[in-house]
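Visitor: Sequence plus predicted model, see below.
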Amino acid sequence: MSLVRLNIKGISYSQTQNGAYALILNEVDGDRKLPIVIGAFEAQSIAIALEKEIRPPRPLTHDLFKNFADRFDIVVKQVIIHKLVDGVFYSSLICERDKIEEIIDARTSDAIALALRFQAPIFTYKNILDKAGIYLKVNPKKDDEEQDSILVDDIVAEEIEAATFEQEGYKDKSIEELHNLLDEAVTNEDYEMAAKIRDEISKR
C-alpha cells in the first residue's frame, strides 16, 4: 500500500460536540482533507506547536516527552496513520535510537502533537484517504498565507463536522447500540469517542 504525505491545515472547534475539535490534515499532492476529531488538550498542544512564538511557562505533556526523548537520544522519524475502524484513526510513531527502529502505538492526536515537535513527516495510506478523505474549499478569496491559519472558517468547520460524523457511522445506530458503544468506549478509556456518542444520545 502506498503512503500519502499529509500537512496540518488547521483546527476547528466543534459546534455540537462539547469540548471537541476537528484537526484537518491536507493531502500534500492533492486536494483532499482528512478531518480527525480530537480533544481540547491535544488541540491546544498542537496549536501551541504550530505557533512557534508561543512558549508555555512549563512544559506540556508532549513537550516533556520531547525533552525526555532528546535526553536519551530517541528520535521520532515519522508518524503513520495506519488504520481506520468505526471512525477511529490508529497511528504509529516510527522511532529510532542507536540506528535501531521501533514502532510505537499512539493515539493520532498525540502522534501528531509529537510529530510537530520532532519536525517529523505525517503519512497515511492511500486506502484510508480514499475512505475518509473529503474535498473542501477553504475561502478561495484569501491568499495562501491566510488559508494556513490555525482556525478554519465556521462554514468549513460545519462541513468537516458533518463529514466526520457521517464517517464515524453513528447516525445509523440505534439508541441501544449507542449505549453499548458508549460502555465499550468507557471501558477502553476512549473518552473522546465516549463524549461523541454521549452527545448523539443526548440529541436523540
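Guide: Received, thanks.

Visitor: going forward, measure contacts between C-alpha atoms and count neighbours the same way
Guide: OK.

Visitor: what is the rounded mean pLDDT of stretch 125-139?
Guide: Throughout stretch 125-139, pLDDT has a mean value of 80.

Visitor: Run through the chain and note the low-pLDDT ranges.
Guide: Applying pLDDT under 70 to the chain flags residues 14-18, 53-54, 136-171, 189-196, 199, 202-204.

Visitor: would you list every one of the strands in it?
Guide: Secondary structure of the chain (DSSP state E): strands at 3-13, 20-27, 32-39, 75-85, 88-97, 100-107, 122-125, 134-135.

Visitor: how close does the residue of the chain positioned farthest from its centre get to residue 72?
Guide: Residue farthest from the centre of the chain, counting by C-alpha atoms, centre = their mean, is residue 98 at 29.4 Å. Noted for residue 98: a distance of 10 Å to residue 72, by C-alpha to C-alpha, to the nearest Å.

Visitor: Which residue ranges make up each domain of this protein?
Guide: Listed domain ranges for the chain are 3-168, 170-204 (source: automatic domain parsing).

Visitor: which of those sits most buried?
Guide: Sort the domains of the chain by mean neighbour count, taking mean count of other C-alpha atoms under 10 Å, and domain 3-168 sits at the top with a mean of 17.

Visitor: what separates that one from the chain centre, distance-wise?
Guide: 4 Å (C-alpha atoms, centre = their mean, to the nearest Å).
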